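Peer 1: Turn this into a model:
(chains A and B)
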Number of protein chains: 2
Amino acid sequence: MKTQLKGDRVLAGKEAVAELYKTGYFGRPKGEGLELSLVEAAFLLSRGKLEIELEGTLLDFRTFFEQASLRQPNFELKYIVYKDLKERGYYVQPSAADFRVYPRGSHPGKNAANIFVHVQSERQLLPVKLLQDSVTSAENVHKQFILAVVDEESDLTFYEVKTAVPKGEMPEPYPAIKTDATFLEDRVIAWDSQASETLYKSGFYGKMLDSERLQLSLVESLYLFSRGIITVRDRKGKVFSFDEFVEKASEIESFFLRKYSAYKNLRDSGHVVKTGFKFGTNFRVYRKVESIEKIPHSEYLVNAIPADFEFRLSVMSGAVRLANSVRKKMLFAVEKGEEIEYLDISRTKM
Amino acid sequence: MKTQLKGDRVLAGKEAVAELYKTGYFGRPKGEGLELSLVEAAFLLSRGKLEIELEGTLLDFRTFFEQASLRQPNFELKYIVYKDLKERGYYVQPSAADFRVYPRGSHPGKNAANIFVHVQSERQLLPVKLLQDSVTSAENVHKQFILAVVDEESDLTFYEVKTAVPKGEMPEPYPAIKTDATFLEDRVIAWDSQASETLYKSGFYGKMLDSERLQLSLVESLYLFSRGIITVRDRKGKVFSFDEFVEKASEIESFFLRKYSAYKNLRDSGHVVKTGFKFGTNFRVYRKVESIEKIPHSEYLVNAIPADFEFRLSVMSGAVRLANSVRKKMLFAVEKGEEIEYLDISRTKM
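Peer 2: Residues are numbered from 1 along each chain as shown, chains lettered A, B, ... in the order given. This next block holds a predicted model:
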């Protein structure tokens, strides 16, 4: 079957409607004929299902591929993903979100597509804003959102991205006590042994320095401070104001306030929040801790990121891989004014 | 036993030599008495082994701790590590590299220390140059180098850091062929089916696009190009020079040449090198691949970093954790002029 390369489309005649569209759901009927996207045409060409002419000359696969790559940004990426999905037996249609994919065993006209696939090169930075918008668009029409990342060797990794509203089960997260603490070089120590024990054993804050004294991280300290539970002094005894504490903490940790916002949001919503340092993240998060002697498995790893953050995909890949390998969810806590919006990113198979 | 806080030392009298130095190897004899570091003094104070005076006033633990924190940078960090090592039963002596640690069951005067411990806060950036110098100093005197990282919650993670000279077992890594390839948008495709098969099956380069054509990454392409194995053309057929290729690749990937140097070094030393994208690193590396049908476990994950790189320790922590969890070594390939120096960082228990 002869077809014509025109701009970034391949145009086929009437017979294509019957042979390609009605049997394989390739292309879109246009007038009497059929219009194919470049990836559809390349796929059909590689299978010997059609011939493609440009200005009267028949194109071999290489020439068509080079032409298509010149005519459409991300052509190779899209082709790699399209071909992969087709070979897995899916019906796939080009769309605004790169591809719409139909449920297994289904096809256009039978059911609606249930997955939106966004194609991304490992090398492109991915703005979290774009990701949030795409995920929200998909979720608004009850579709699953899949990010298909093509790495430099053209291998594919699929990620499912969802919005999340994590909800913990801890009751009142702050004990009704009041105690004194010192801001040392870059951490805080509470000195009273009874208060230390209460904070540690009932609130799951900090780490005991020894049997009497409790070390608190900066985010923990500010949270307890904001609840009126601890008073913080400098090493000479002067009491900090809230703003002074924030200022000093921000000198030590450049993104202190962003981390604190996520910490506060997670604590306020009933979680126990501890450092995720050993996993390379800001936090590890427990939905419920019953006793300090029996700390359960933590459910989430969380990184706090700003609203204008751009993902380097190899970094995201490492974080998600590590989280999934220890059976945790990887959440990104995106600052949005006073609010935090969570994105849950996990590796998935198609 | 009464002692005196003087500057950043605690001075004890004659009886301390017998009670603390000869039995516990604390401090260093000075004149008739004993000089203790602040961490040693704090540890002994918390155990009730001594009393500390400042200008005639006895200091309680809190006041001494605050004073010590004011007098010595990183005092709390060092205290946390010192206390941890003591509680694990090691003899520990303050030194230039923070601490010298003696073999288990041994002590000063019996054997030499066998471990140098460097203490680092999660929050401080760690210049790779400093790390390389410290590791080399330790290795020159046949000591093990341990990096003790104190995270924001005062939890400790120990890393063993070693220099490495990875050596693969692949023979001649490049087949004696010559073929033609096209630089598409951000990847390269070789079109000849026989050449593609040879490169893929014998050289372990690239990934087949379909049964006939081979996709190559940019570093693979330049390596094969530099060996005279492929000729690279643009999508209009113009042949690239080496410099033109490097220029175009560097536009696509800002650190292309650094990655290429590490790739070349690893291939030249007999390894098969593939992308480490799924692990969040530049490369995964095989010491030996016998057949493309039976790809073995890769031994290393490798990140290429510049000579002036500074580690963010939470990022390093995540990378090492992930590598170790999949039973691989995490290597950092440090650019040093024309050479590459490798650092092998792994988590360890004390």
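
Peer 1: Which elements pack onto the host helix or strand of A:Asp133?
Peer 2: For A:Asp133, the element it lies in under DSSP states H and E is helix A:128-140. On a contact count with 3 or more CB pairs under 8 Å, 6 or more residues apart in numbering or on different chains; DSSP states H and E, helix A:128-140 meets strand A:115-121, strand A:144-150, strand A:156-164, strand A:310-311, strand A:329-336, strand A:339-348. C-beta: built from backbone N, CA, C; applies to glycine.

Peer 1: 7 Å instead?
Peer 2: Counting contacts by 3 or more CB pairs under 7 Å, 6 or more residues apart in numbering or on different chains; DSSP states H and E, helix A:128-140 is packed against strand A:144-150, strand A:156-164, strand A:329-336, strand A:339-348.

Peer 1: of these, which approaches chain B most closely?
Peer 2: Nearest to chain B, of all the helices and strands packed on helix A:128-140, is strand A:156-164, at 6.1 Å by CB to the nearest CB.

Peer 1: From the contact counts, what lies against that closest one?
Peer 2: helix A:75-87, helix A:128-140, strand A:144-150, strand A:339-348.

Peer 1: related to what we said a few turns ago, relative orientation of the helix holding A:Asp133 and strand A:339-348 in degrees?
Peer 2: 80 degrees (axes from the mean of the first three to the mean of the last three CA atoms, to 10 degrees).

Peer 1: got JSON lines for the helices and strands packed on strand A:156-164, with distance to A:Ser37 too?
Peer 2: Output for these, formatted as JSON lines (distance: least, CB to CB, whole Å):
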{"stretch": "helix A:75-87", "distance to A:Ser37": "8"}
{"stretch": "helix A:128-140", "distance to A:Ser37": "20"}
{"stretch": "strand A:144-150", "distance to A:Ser37": "16"}
{"stretch": "strand A:339-348", "distance to A:Ser37": "25"}
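
Peer 1: Now mean neighbour count, mean pLDDT and distance to A:Val273 too, for those, in a markdown table please.
Peer 2: A markdown table is the format used below for those (neighbours: other CB atoms under 10 Å in any protein chain shown; pLDDT from 0 to 100; distance: least, CB to CB, whole Å):
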| stretch | mean neighbour count | mean pLDDT | distance to A:Val273 |
| --- | --- | --- | --- |
| helix A:75-87 | 21 | 96 | 37 |
| helix A:128-140 | 16 | 97 | 21 |
| strand A:144-150 | 23 | 97 | 27 |
| strand A:339-348 | 18 | 97 | 12 |
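
Peer 1: Which stretch among those approaches A:Arg62 most closely?
Peer 2: helix A:75-87 (12.9 Å; CB to CB).

Peer 1: I'd like the next helix or strand past the worst-scoring helix or strand of chain A on mean pLDDT.
Peer 2: Within chain A, confidence by mean pLDDT, DSSP states H and E is lowest for helix A:22-24 among all helices and strands, at a mean of 90. Going down the chain from helix A:22-24, the next helix or strand is strand A:28-30, by DSSP H and E.

Peer 1: Now do the helix holding A:Asp133 against strand A:144-150, angle only.
Peer 2: 140 degrees.
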